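Asks: build me a model:
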Amino acid sequence: KNMQSAVLLDELSKSFNTAFSPVNKTAPVNQAFSTFIGNEYQLFKKPLGYMASFSYARDFSANRQSRIGNYSQPSGGSKQLESEYTANVNEATDEIAWGAIGNIAYDIADNSRLSMNFMYNRSLESRAVYQDGYRQYYQTYMETRILSNIERTLSSYQLKGEHSFASLINSKLDWRVSVSNNVQYQPNFSTFDNEYEDVQQNGNTVRLYNMPKGDNNALPSRYYRDLSEDLTSALFNYEIPLDKIIDSHLKFKTGFLYNGTSRVFSERRYVYQQDLENLVYNGNPDQYMKETTGISEANSQKYFNYFGNYLQDRTQASGSYDGSEKIMAGYGMIDWFVVKDLRIVTGVRYETTNMNTISKDSARPQGLIDEQDVLPSINLVYQLTSEMNFRLAFGKTLARPTLREIAPYDSYLPIEHRTYIGNGGLQRTLINNYDMRWEWFPESGEIMSVGGFYKSFKNPIELVIVNANNNVQPQNVKTAFLYGAEFEFR
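Replies: Predicted coordinates:
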């Protein structure tokens, strides 16, 4: 009704490129270039070395007529899976990547070295997808078109040192500190869905198109996603040989680790909402959007404006989150030849985990893990002959959910036609690992080995279908196990 507002909405709706459909092109050949420089000098009579490299690559790839499918187990205990969505997919990517690496190292003393590393990588991935499938829930055939560009940037700085101390029974210290930043920007990630039906008319097969009804996720959409992540890491290891003290080959090693991560993820979504009911889609997305977006002059009146399709902000607070992760660990271990043919490597690691994620939707509970774990391990190696060993090992480890998994947020997956729902209630997975291995080294560089392993999991994480819309969520299940055999011949 307000002409000024109508004109502004018309301008905003038409301000985006109307291209929604992939086009066929002949790709040029893949390309890759790199250059390297390095040298060593004497500085204050100590060696100073450096190296630097630069690389560039462009890679084209295509995947034609692959097939995807989502299946669920029906209620009632049936073991027969039911199809939720199946589709044939044509996909192509064009990825450009370039990067630089630099390293400088200096022996500040005969038994001490300092080095500094720098790495910078930047890439752009352009992706086009066309898929033709059937959605069981809506009982309809559907075409999906996706155009996507993802820009990624990674920069990292690392300082490390290696030192040995002859006056302290030849003990050794190595350490490393690093900071890095990871940025991912996905501008104008566009999706276009349409339904169709093949019918017989006058003995000919005619395809009739229409735009989806009843599924807001299937509206023509443009997503803007940003991720920024800062990482800080520190590691220290100290090794003390005790051979001279107990007259046996024995080493003690201890260390400390800190990893800290801070992440900010945001998503904005704009859709094209249909105003008029009589819009006709003929199978060409670009033509349809060009002809129907904005004020419809034919249907508008003097004091009332009708739109074909108009831009609408459908951004949800639940699509964005902040997250942090702090991991601290300390360990002690020994490496001991108890007798000539029996070696024991055993130790214990104490580890703390603090993960916290907060949705921009204040109504959603935060994701939180605050745990302390003691993780023992033991490895026995018995030398059967000078060429043959037998190994037994046990170790307790853990696996944490990713920040994306534990974040209380939703993300629509247009290829799968379902929504990914994060789970703020996830817990870490505890794992018991058992290994056995026989190995034989008949000649230098040759090996024959046979081994077996068994792993038991407490609270493993599985991706679970949670509702009739085929939406998925990572969830902890009670237990799981994995076992197998390994053979190696070289």
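Asks: are we agreed that residue 66 is in a strand?
Replies: Yes. Assigned with DSSP: H, G, I helix; E, B strand; the rest coil, residue 66 falls within a strand.
Asks: dig out what it forms beta bridges with.
Replies: Beta bridges link residue 66 to residue 89 when assigned by DSSP bridges.
Asks: could you count how many residues lie near it?
Replies: 11 (other CB atoms under 10 Å). For glycine as for every other residue, the C-beta is placed from the backbone atoms N, C-alpha and C.
Asks: hmm, it is touching residue 86, no?
Replies: No. The pair residue 66 / residue 86 is not scored as a contact, 11.7 Å apart, by CB atoms under 8 Å.
Asks: tell me the secondary structure for residue 7?
Replies: Per three-state DSSP, the secondary structure class of residue 7 is helix.
Asks: need the contact list for residue 61.
Replies: 92-93, 95 (CB atoms under 8 Å, 6 or more residues apart in numbering).
Asks: what do you get if the cut-off is 7 Å, keeping everything else the same?
Replies: Contacts for residue 61 (CB atoms under 7 Å, 6 or more residues apart in numbering) come out as 92-93.
Asks: so how far is the helix or strand containing it off the chain centroid?
Replies: Following DSSP states H and E, one finds residue 61 within strand 46-72. Computed by CA atoms, centre = their mean, to the nearest Å, the chain-centroid distance of strand 46-72 equals 14 Å.
Asks: check which residues of that strand are buried.
Replies: The neighbour-count check on strand 46-72 (16 or more other CB atoms under 10 Å) flags 50, 58, 60, 70, 72 as buried.
Asks: closest one to residue 389 out of those, please.
Replies: residue 50 (41.1 Å; CB to CB).
Asks: sorry, back to before: now for the buried residues of strand 46-72, which pair is the farthest apart?
Replies: Farthest-apart pair in the buried residues of strand 46-72 is 50 and 72; separation 57.3 Å (CB to CB).
Asks: for the protein, longest strand please?
Replies: strand 171-201 (DSSP state E).
Asks: ok, residue 37 - how many residues close by?
Replies: 10.
Asks: now residue 248
Replies: Count around residue 248 with other CB under 10 Å applied: 13.
Asks: helix/strand/coil for it?
Replies: Counting by three-state DSSP, the backbone at residue 248 sits in coil.
Asks: from residue 343, how far out is it?
Replies: Relative to residue 343, residue 248 is positioned 11 Å away (CB to CB, to the nearest Å).
Asks: where do the contact lists of the two overlap?
Replies: Residues touching both residue 248 and residue 343 (CB under 7 Å, 6+ apart): residue 337.
Asks: coming back round to it: output the contacting helices and strands for the longest strand of the chain.
Replies: Helices and strands touching strand 171-201, by 3 or more CB pairs under 7 Å, 6 or more residues apart in numbering; DSSP states H and E, are strand 140-165, strand 204-210, strand 221-241.
Asks: ok, of those strands, where does mean pLDDT dip lowest?
Replies: Of all the helices and strands packed on strand 171-201, strand 204-210 carries the lowest average pLDDT, namely a mean of 91.
Asks: how far is stretch 223-237 from where the chain is centred?
Replies: Distance of stretch 223-237 from the chain centroid (CA atoms, centre = their mean) equals 13 Å.
Asks: what's the answer for stretch 378-385, then?
Replies: Computed by CA atoms, centre = their mean, the chain-centroid distance of stretch 378-385 equals 38 Å.
Asks: tell me the mean pLDDT over that stretch?
Replies: Stretch 378-385 shows an average pLDDT of 94 in the prediction.
Asks: pull out the buried residues from stretch 432-442.
Replies: The neighbour-count check on stretch 432-442 (16+ other CB under 10 Å) flags 435, 437, 439, 441 as buried.
Asks: redo those as CSV? Include pLDDT and secondary structure.
Replies: As requested, the buried residues of stretch 432-442 are arranged in CSV below (pLDDT from 0 to 100; DSSP: H, G, I helix; E, B strand; the rest coil):
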residue, pLDDT, secondary structure
435, 97, strand
437, 95, strand
439, 94, strand
441, 92, coil
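Asks: and the residues you listed as TSV, adding distance to residue 33?
Replies: Compiled in TSV, the buried residues of stretch 432-442 are given as follows (distance: CB to CB, whole Å):
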residue	distance to residue 33
435	44
437	43
439	42
441	42
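Asks: residue 34: which of those residues is nearest?
Replies: Among these, and counting by CB to CB, the member closest to residue 34 is residue 441, at 37.0 Å.
Asks: nearest residue to the closest one in space, ignoring adjacent ones along the chain?
Replies: Take residue 441 and drop its neighbours on the chain: the residue closest to it by CB to CB, 6 or more residues apart in numbering is residue 387, 5.0 Å away.
Asks: OK, contacts around the one you found?
Replies: 440-442.
Asks: what's the spacing between it and residue 448?
Replies: 10 Å.
Asks: shared neighbours of the two, anything?
Replies: Contacts common to residue 387 and residue 448, judged by CB under 7 Å, 6+ apart, are 440, 442.
Asks: residue 25 and residue 128, how far apart?
Replies: 9 Å.
Asks: ok, the two, which is more surrounded?
Replies: The residue with more neighbours, out of residue 25 and residue 128, is residue 128; 19 against 10, by other CB under 10 Å.
Asks: tell me the angle of the helix or strand harbouring that one relative to strand 46-72?
Replies: Counting by DSSP H and E, the element that carries residue 128 is strand 112-135. If you take axes from the mean of the first three to the mean of the last three CA atoms, to 10 degrees, strand 112-135 sits at 20 degrees to strand 46-72.
Asks: can you classify the nearest residue to residue 50 once chain neighbours are set aside by secondary structure?
Replies: The shortest distance from residue 50 to any non-neighbouring residue, by CB to CB, 6+ apart, is to residue 104 (4.6 Å). The three-state assignment at residue 104 reads strand, by three-state DSSP.
Asks: who's in contact with residue 104?
Replies: 50, 115-116 are the contacts of residue 104 under CB under 7 Å, 6+ apart.
Asks: returning to what we had before: least confident pick among the buried residues of strand 46-72?
Replies: residue 72 (79).
Asks: that residue - nearest residue in space that isn't next to it in sequence?
Replies: Distances taken as CB to CB, 6+ apart place residue 465 nearest to residue 72, at 4.9 Å, with adjacent residues excluded.
Asks: who does the one you found bridge with?
Replies: Beta-bridge pairing for residue 465 (DSSP bridges): residue 472.
Asks: bridged to the residue nearest to residue 237 when sequence neighbours are not counted, which residues?
Replies: Leaving aside its sequence neighbours, residue 237 sits nearest to residue 255 (CB to CB, 6+ apart; 4.0 Å). Residue 255 forms beta bridges with residue 237, residue 331, as assigned by DSSP bridges.
Asks: look up how far residue 341 lies from residue 255.
Replies: Using CB to CB, we find residue 255 at a distance of 29 Å from residue 341.
Asks: looking at those two, which is more packed in?
Replies: Applying other CB under 10 Å to residue 255 and residue 341 shows that residue 255 carries more neighbours, namely 18 against 13.
Asks: show me the contacts for the more buried one.
Replies: So residue 255 contacts 236-238, 331 (CB under 7 Å, 6+ apart).
Asks: helices along the stretch 251-400 of the chain, start to end?
Replies: Assigned by DSSP state H, counting those that start in this stretch, the helices in the stretch 251-400 of the chain fall at 285-292.
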